[in-house]
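# Structure for the following, please:
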Amino acid sequence: MKIHQSPAADANSEKAIEQSVYFYQAPVRLWHWGNAFSILTLALTGYFIGSPLPSVSGDASANYLMGHIRFVHFAAAQTLSVLLILRLYWVFVGNVHARQIFYVPMRGRFWKECLHEVRGYMFMARQPKRHVGHNPLARLTMFLMFTLPLFFMVITGFALYSEGAGRDSWEYVLFGWVFSIWPNSQVIHTLHHLGMWVILVFVIVHIYVAVREDIMSRQSVISSMISGERLFKDVED
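This next block holds a predicted model:
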């Protein structure tokens, strides 16, 4: 983790200190944006798979729209899965911030800081605490509403795909056990569809909080996922 500190002047001639910390490594940033593109594609195509477009007139070979939508959905799902496997590798070889959203600490201090963040988002705490990586509440939310649902979507997605691929496919060999939990595949379809909405709700909250923190907390958030650096702006009277 690299730290750079420099003085900066502000409009009121107060003594200001800017400190930038490099912590998001390139693989984490690439995974973030690759995920964003894949999830957007999956949500859009998945919606149309769940709510198909009306039939169109003409020869079927010239109107393969749903076939193309399903192909794009499967391609994006496989891209997402490969990115997840590579990201899991980076959990073990990357820095400490690379593994933050893959587990939740059980120590008491973590939960106290979560409560402080809740108070901050409710405008009940005057000063936000500085966190180089994700703040504890963001970390907890990402684990529950993104990391776990992401694994669930990959597992149930490949299980559903194995229905068409057949019992001798590698998809059924690896993910066919899902049908021993839910023998009726319609249940898996419904849960997979609900999982999409859980992730979409997370994405909406995630974007709102990132913009809010960028404006109100005097620390960069959005640009951090591009440059890998977080800029802290502290003002001394």
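# Find the residue at the geometric middle of this structure.
What sits nearest the mean C-alpha location of the chain, by Cα atoms, centre = their mean, is Phe146, with 5.3 Å.
# So the nearest residue to that one once chain neighbours are set aside versus Pro136, what's the distance?
By the measure of Cβ to Cβ, 6 or more residues apart in numbering, the closest residue to Phe146 outside its immediate chain neighbours is Phe202, 5.2 Å from it. Any C-beta I mention is one placed from the backbone N, CA and C, and that applies to glycine too. Going from Phe202 to Pro136 by Cβ to Cβ, to the nearest Å gives 17 Å.
# of the two, who's got more company?
Pro136 (23 against 18; other Cβ atoms under 10 Å).
# ok, Ile188 - contacts?
156, 159-160, 178-179, 182 (Cβ atoms under 8 Å, 6 or more residues apart in numbering).
# The helix or strand containing it: how far from the chain's middle?
Applying DSSP states H and E as the criterion places Ile188 in helix 185-216. In terms of Cα atoms, centre = their mean, to the nearest Å, the centre of helix 185-216 is set 8 Å apart from its chain centre.
# Okay, buried residues for that helix please.
185, 188-189, 192, 195-196, 198-199, 202-203, 206, 209, 213 (16 or more other Cβ atoms under 10 Å).
# Please apply the same query to stretch 171-187.
171-172, 175, 178-179, 185.
# Could you do stretch 35-54 as well?
Neighbour-count burial for stretch 35-54, with 16+ other Cβ under 10 Å as criterion, is recorded at 35, 38-39, 41-43, 45-46, 49.
# Now do the strands in this protein.
Counting by DSSP state E, the segments of the chain that form strands are 2-9, 15-22, 229-236.
# mind giving me the domain ranges of this structure?
Annotated domains of the chain cover 23-52+63-99, 105-224 [the TED database].
# will you turn the ones you listed into a markdown table that also has mean pLDDT?
Shown next, in a markdown table, are these (pLDDT from 0 to 100):
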| stretch | mean pLDDT |
| --- | --- |
| domain 23-52+63-99 | 93 |
| domain 105-224 | 90 |
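# The ones you listed: which one's closest to Phe232?
Of all the domains of the chain, it is domain 105-224 that lies closest to Phe232, at 4.9 Å by Cβ to Cβ.
# Any idea how far apart the tips of that closest one sit?
24 Å (Cα to Cα, to the nearest Å).
# Just give me how far that domain sits from the chain centre.
Offset of domain 105-224 from its chain centre (Cα atoms, centre = their mean): 6 Å.
# and if you look at stretch 48-58?
Chain-centre distance of stretch 48-58: 30 Å, with Cα atoms, centre = their mean.
# Can I get it as CSV, trimmed to CA atoms?
Extracted C-alpha coordinates of stretch 48-58, given in CSV (Å, rounded to 0.1, in the frame of the first residue of the first chain):
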residue,chain,number,x,y,z
PHE,A,48,-36.4,-11.0,-21.7
ILE,A,49,-35.8,-14.7,-21.2
GLY,A,50,-38.2,-14.5,-18.2
SER,A,51,-40.7,-12.3,-20.1
PRO,A,52,-40.2,-13.2,-23.8
LEU,A,53,-41.0,-10.8,-26.5
PRO,A,54,-44.2,-11.3,-28.6
SER,A,55,-43.9,-13.7,-31.5
VAL,A,56,-43.1,-12.2,-34.9
SER,A,57,-44.4,-13.2,-38.3
GLY,A,58,-42.2,-14.8,-40.9
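# on that earlier part again, please verify my assumption that the residue nearest to the centre of the chain contacts Ile101.
Yes - with contacts counted by Cβ atoms under 8 Å, Phe146 reaches Ile101, the gap being 7.0 Å.
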